[in-house]
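> next input, structure requested:
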Amino acid sequence: MFYWFVKTFVLGPILRLLFRPWVKGLDNVPAEGPAILASNHLSFSDSIFMPVMVPRPVVFLAKAEYFTGTGIKGKLTAAFFRLTNQLPMDRSGGAASALSLNAGMDVLRNGSLLGIYPEGTRSPDGHLYRGKVGVARLALQARVPVIPVAMIGTDKVQPIGKRVPNIRRIGMIFGEPLDFSRYYGREDDRIIQRSVTDEIMYELMRLSGQEYVDEYAAVVKLRLAGKTQDATPEAAAAPETAVEPSPDHGPTVAGEDGPEVPGTA
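Sure, this is the predicted structure:
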């Protein structure tokens, strides 16, 4: 009820008035049944604009830290995320990340839409980075279509570190559903996981027009922060199965992390 009220009477009208979002391909989102909305991730605001434009509720996996804060601010943040259909995502890797992915599976098994950022974190520079295979595992295990979603211009509305958004037009493109039924029953095959993930990232690159970088965004962020000793593929390997985020390679063609609440760190 809170989600519907905020979307219909609060955020929806305000965002449509101020940012005049344009949308293409919205009819590619199924009117019913489960599906994954796999999006590029340019800005915190991605997690607000996309659900506002999709007629059905979208459940996102958000980083777990937003649900464990202390004090008034932490409790309000956690409450906001729970009331707006967001689930905690543990990106530390191993069993913790697997449990978080199970929460995503539950969403899909209930016939709902699950929003995922395959890059695992917001792009630090506007490029599209290598996807993590959690999105493939979910799509194959749940046997659902994947709708690639390209967010356009949201990084100009709210760049990383900026609290007050710039008022300018944004857009989004919903691509045709990707069918991976040919791989059903092989969801534990790492080569298949990487192939599915790369196909999704290729579609995101094609729809968004972003330049693709065959590297994990998390590694690039470490390097930009001057943590060169940590800026290795191993440094980003822990949350490999995460969706919010192997011997693999990205497509052969050429937020901080996760959604945030406005006004919070």
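
> from here on, contacts and neighbour counts on C-alpha atoms
Noted.

> any idea how far the most centrally placed residue in the chain lies from Pro55?
Nearest to the mean C-alpha position of the chain, by Cα atoms, centre = their mean, lies Tyr117 at 2.0 Å. Per Cα to Cα, to the nearest Å, Tyr117 is found 20 Å from Pro55.

> okay, strands next: where are they in the stretch 101-250 of the chain?
Remark: strands assigned in the stretch 101-250 of the chain by DSSP state E, counting those that start in this stretch are 113-116, 128-129, 146-152, 171-174, 212-213.

> now the ones you listed in TSV, with distance to Val10, mean neighbour count and mean pLDDT?
Below are the strands of the stretch 101-250 of the chain laid out as TSV (distance: least, Cα to Cα, whole Å; neighbours: other Cα atoms under 10 Å; pLDDT from 0 to 100):
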stretch	distance to Val10	mean neighbour count	mean pLDDT
strand 113-116	21	27	95
strand 128-129	31	28	98
strand 146-152	22	27	98
strand 171-174	20	22	98
strand 212-213	36	18	97
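
> any chance of these in a markdown table, plus distance to Asn40?
Shown next, in a markdown table, are the strands of the stretch 101-250 of the chain (distance: least, Cα to Cα, whole Å):
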| stretch | distance to Asn40 |
| --- | --- |
| strand 113-116 | 9 |
| strand 128-129 | 7 |
| strand 146-152 | 6 |
| strand 171-174 | 10 |
| strand 212-213 | 11 |
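
> any idea which of those strands gets closest to Lys162?
Taking Cα to Cα, strand 146-152 is the member of the strands of the stretch 101-250 of the chain nearest to Lys162, at 17.6 Å.

> now stretch 131-145: average pLDDT?
Stretch 131-145 shows a mean pLDDT of 96 in the predicted model.

> can you list contacts of that stretch?
For stretch 131-145, the surrounding residues in contact (Cα atoms under 8 Å, 6 or more residues apart in numbering) are 34-36, 38, 101, 104-105, 108-109, 116, 118-120, 146, 177-181, 183-188, 193-194, 196-198, 201, 216, 240-243, 245, 250.

> for it, buried residues please.
Residues of stretch 131-145 classed as buried: 131-145 (neighbour count, 16 or more other Cα atoms under 10 Å).

> and stretch 28-39, by the same measure?
Buried residues in stretch 28-39, counted by 16+ other Cα under 10 Å: 29, 34-39.

> any stretches of the stretch 1-150 of the chain with poor pLDDT?
Residue ranges of the stretch 1-150 of the chain with pLDDT under 70: 63, 90-97, 100.

> that older thread, the contacts of stretch 131-145 in helices, which ones?
If you go by DSSP state H, the contacts of stretch 131-145 have 101, 104-105, 108-109, 193-194, 196-198, 201 in helices.
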